[in-house]
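Visitor: The following block contains a protein sequence and its predicted model.
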Amino acid sequence: MMGPVSVIIPCLNEAEPIGDVVREALAQNIAEVIVVDNGSTDDTAAVARAAGARVVSEPTPGYGRACAAGVAAARTPILCFLDGDGSDVASFIPAVCAPVVTGAADFVMGSRLRGVREPGSLTPQQMLAARLAGLLLRQAYGVAFTDMSPMRAIRADRLAALGMQEMTYGWNLEMQMRAAAGGLRCHEIAVDHRCRRGGESKVSGDLVAGMKAAWKISTTFARLALQLRRAPA
């Protein structure tokens, strides 16, 4: 076993790809896979459970809320997050988690922009948002993030100390900002990325939803930058 790692997968109507995602994650010899069903109307929960995941229900909508529910349910000191649509390549879980498992880092990001991407796996809007966020984070905190990838690993105690508040699409950005501002040892590695293996995108595949998510991410950065600047050292 590579280490005491819980893989947390927030899901909404991902019945088609989630079985393979769970099996691929379990093949990495991690301790457990937790699928958080965020109000699915299909068979996501049943398919995930049959594939070997522990399923947690969080019916109130919100990506961050689903992630938080998975964190609360986790039984290990190290947490790894990835999406349930099959776009994240689960074979990179050991590489993402290894620096945290060995104690070399507190927080590790998997960068899709630095890895090998299937054509069409990221929209131009997603790549632009990732590069912009990386630039802002580098200027504000001096950290070399190039992406806001959902694939990441962090010590559970470090995450608890961050005081996460964002319950929607700003969760990933908030984690990176708080980790950098809090002085955590942050590291980034290249990870490959695929086109989704089923279901429909809640953000990138819909213009209106994508604009809402972009607005949420932008306002989250501005709000948190001001809040963290005012926080006592």
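Guide: Good, I have the coordinates. Numbering: from 1, shown residues only.
Visitor: Give me the neighbour count for the closest residue to residue 130 other than its chain neighbours.
Guide: Distances taken as C-beta to C-beta, 6 or more residues apart in numbering place residue 147 nearest to residue 130, at 4.5 Å, with adjacent residues excluded. Where you see a C-beta, it was placed from the backbone N, CA and C, and this is true even at glycine. Residues near residue 147, counting by other C-beta atoms under 10 Å, number 28.
Visitor: do residue 41 as well
Guide: Neighbourhood size, residue 41 [other C-beta under 10 Å]: 8.
Visitor: Look at it and give its secondary structure.
Guide: Secondary structure state of residue 41, per DSSP: H, G, I helix; E, B strand; the rest coil, is coil.
Visitor: Repeat that for the one 5 residues further on.
Guide: The local conformation at residue 46, judged by three-state DSSP, is helix.
Visitor: Could you report the distance from the residue nearest to residue 130 to residue 49?
Guide: 31 Å (C-beta to C-beta, to the nearest Å).
Visitor: Next: residue 193.
Guide: Distance, residue 193 to residue 49, by C-beta to C-beta: 27 Å.
Visitor: out of these two, which sits in the busier spot?
Guide: Ranked by neighbour count (other C-beta under 10 Å), residue 193 and residue 49 place residue 193 first, with 22 against 17.
Visitor: what's the pLDDT at that one?
Guide: Residue 193 carries a pLDDT score of 97 in this model.
Visitor: excluding its backbone neighbours, what's nearest it?
Guide: residue 112 is the one closest to residue 193 (C-beta to C-beta, 6+ apart), at 4.1 Å.
Visitor: ok, the one you found to residue 167 distance?
Guide: Distance, residue 112 to residue 167, using C-beta to C-beta: 24 Å.
Visitor: Provide the strand pairings for the one helix or strand residue 35 maps to, with the direction of each partner.
Guide: Per DSSP states H and E, residue 35 falls inside strand 32-37. Paired strands of strand 32-37, with direction, are strand 5-11 (parallel), strand 54-57 (parallel) (DSSP bridges).
Visitor: Enumerate every residue touching the most centrally placed residue in the chain.
Guide: Nearest to the mean C-alpha position of the chain, counting by C-alpha atoms, centre = their mean, stands residue 150 at 2.6 Å. When contacts are counted by C-beta atoms under 8 Å, 6 or more residues apart in numbering, residue 150 touches 81, 82, 83, 88, 172.
Visitor: Check what contacts stretch 42-50 and list those residues.
Guide: 9, 11-15, 18-19, 22, 35, 37, 55, 57, 84.
Visitor: what would those look like in TSV with pLDDT?
Guide: Output for the contacts of stretch 42-50, formatted as TSV (pLDDT from 0 to 100):
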residue	pLDDT
9	98
11	97
12	97
13	97
14	97
15	97
18	98
19	98
22	98
35	98
37	98
55	98
57	98
84	96
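Visitor: That concludes my questions; thank you for your assistance.
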